[in-house]
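Asks: quick one: sequence plus predicted model below, questions after.
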Amino acid sequence: MSATVRTTQFSILDRSRTREGHPPAAALRDTVELARHAERLGYHRFWVAEHHSVPGVAGSAPTVLAAAVASATATIRVGTGGVMLPNHRPLVVAEQFGVLASLFPGRIDMGLGRSVGFTGGIRRALGTEKDAAEDFEEQLAELLGYFTGTQTAHPQVHARPAEGLAVPAFVLATGAGARIAARAGLALVVGDFRDPEKLLAALDEYRAGFRPSGLWPRPYVVISGTVAVAGTADAARRLLVPEARALAYSRTHGVFPPLRPEAEGDAMTTERERGFYEDALRGHVHGTEEQVAEALGTLIERTAADEVLVTTSTYDRAALRESYERLARVAGLAGRGGPAAVGAGAGPAPAP
């Protein structure tokens, strides 16, 4: 097994994907149960996501779900991957994370994204516009200022109980977002292993422009993507099929469906659909424990990443849990001295 893999933090992001034949409430309960499982296995963080009006995703309120996850666990760090700041007022986000950090001290992470709703109707319902991401840096500065008591957008306003708390903040982005994270002195989460050159360019820019902050004295890089581990390479590839099929369907039918227990290539009707499907399967880390250890070791060495955030989705919940169990063995998580440990290379210390 790779020594590099065994000295890197591993965490999980779950998007509360719905499954055919099961209600959205089941997906949320599955997320909470997966968090308990991740804690037992020794993963460092467990994050939840924000999606609005997506048929195949139940995770629409990440801070609410994060509270449920934190209540159901005891040691694992809990956070968001992420709250999409253009959809919210910075004061409200600061208040929500202030409550979370007060209830679960030393365990809460604030992952922030720049995305807006993917259709005009969703954006109007959220009260935002397509170009709202352009204001992200200004919103971010206001949000962080509520924690330090230094925000100037609304001088007479204080975020209670956030003010005075040091909640680790992460920016989920590449390109302009990576530059913003560097200027703000925040950790960076970059997704998708499938375009390594783009990934490396974003990381170079982030590290070169990083300005130390009270939250992060040095650059901190989290690489995020799909990792599937099984007893055979074919079995690991089959774990990728339901999500790839859903992505292909969404590109050709305009609707992102719940996950189905599909066989590879099931119900492919056009070459266009097949193309999207093959593209969705491309570039993920999957295979046996030995194959995944080698692939992850190479990826971590190339990126010099501090942490890997795994985002795997599949229909079979038992197979997904087994994949995370196998990955925990690959990473040697059982001997890390506790999943909530924070120290050198693991991010800032929690607020007193």
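Replies: Arrived safely, thanks for sending.
Asks: drop to CA atoms for contacts and neighbour counts, all remaining ones
Replies: Will do.
Asks: in this structure, which helix is the longest?
Replies: helix 233-253 (DSSP state H).
Asks: mind listing what's buried in it?
Replies: Residues of helix 233-253 classed as buried by neighbour count (16 or more other CA atoms under 10 Å): 233, 235-249.
Asks: quick check: next helix or strand after that helix?
Replies: Downstream of helix 233-253, the next assigned helix or strand under DSSP states H and E is helix 271-281.
Asks: can I get the CA coordinates of that next one in PDB?
Replies: C-alpha atoms of helix 271-281 as PDB (Å, rounded to 0.1, in the frame of the first residue of the first chain):
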ATOM      1  CA  GLU A 271     -25.200   7.400 -29.800                       C
ATOM      2  CA  ARG A 272     -25.500  10.800 -28.100                       C
ATOM      3  CA  GLU A 273     -26.700   9.200 -24.900                       C
ATOM      4  CA  ARG A 274     -23.900   6.600 -25.100                       C
ATOM      5  CA  GLY A 275     -21.400   9.300 -25.500                       C
ATOM      6  CA  PHE A 276     -22.500  11.200 -22.400                       C
ATOM      7  CA  TYR A 277     -22.600   7.900 -20.500                       C
ATOM      8  CA  GLU A 278     -19.000   6.900 -21.500                       C
ATOM      9  CA  ASP A 279     -17.800  10.400 -20.600                       C
ATOM     10  CA  ALA A 280     -19.400  10.100 -17.100                       C
ATOM     11  CA  LEU A 281     -17.500   6.900 -16.500                       C
END
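Asks: what packs against it?
Replies: Secondary-structure packing of helix 271-281 (3 or more CA pairs under 8 Å, 6 or more residues apart in numbering; DSSP states H and E): helix 233-253.
Asks: what's the helix it packs on packed up against?
Replies: strand 227-229, helix 271-281, strand 285-287.
Asks: what's the least confident stretch among these?
Replies: Set side by side, these differ in mean pLDDT, and helix 271-281 is lowest with a mean of 89.
Asks: let me know the angle separating that helix from helix 233-253.
Replies: 130 degrees (axes from the mean of the first three to the mean of the last three CA atoms, to 10 degrees).
Asks: pLDDT wise, what is Gly214 at?
Replies: 94.
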